[in-house]
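Student: structure for the following, please:
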Amino acid sequence: MADIKYEIKENLGVVSESPKGWTKELNLVSWNGRTPKYDLRDWAPNHEKMGKGITLSAEELKELRDILNDMDL
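Tutor: Purely as a prediction, here's the structure:
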């Protein structure tokens, strides 16, 4: 499997933290030198490991925002 290169361009916020120190974060990430996208996933301390997550374009993130705003939470 090829190495995945990533660069966190901006940390937008931490959603939660596990007892082991992993954090679920929303970041702006450039994957393999591509245009940065919004990314929500679990990260180990110091970002040396990552869990599965989702990556969204700005348009997709806006749609998700609108869906969440319409929910009765």
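Student: could you look up the SS state of residue 67?
Tutor: helix (DSSP: H, G, I helix; E, B strand; the rest coil).
Student: again with the one 5 residues further on
Tutor: Classification of residue 72 using three-state DSSP returns coil.
Student: and it, how far from residue 30?
Tutor: Separation of residue 72 from residue 30 (CB to CB, to the nearest Å) stands at 36 Å. Bear in mind the C-beta positions are built from the backbone N, C-alpha and C, glycine included.
Student: looking at the two, which one has more neighbours?
Tutor: residue 30 (15 against 3; other CB atoms under 10 Å).
Student: surely the more buried one and residue 38 touch.
Tutor: No - contact criterion CB atoms under 8 Å: residue 30 and residue 38 do not qualify, at 11.5 Å.
Student: which neighbours do these two share?
Tutor: Here residue 30 and residue 38 have no joint contacts, going by CB atoms under 8 Å, 6 or more residues apart in numbering.
Student: roughly how far is the host helix or strand of residue 30 from the heart of the chain?
Tutor: Using DSSP states H and E, residue 30 sits in strand 23-31. Relative to its chain's centre, strand 23-31 lies at 3 Å (CA atoms, centre = their mean, to the nearest Å).
Student: same thing with stretch 13-30?
Tutor: Here the centre of stretch 13-30 is set off from its chain's centre by 8 Å, with CA atoms, centre = their mean.
Student: fine by me, thanks again.
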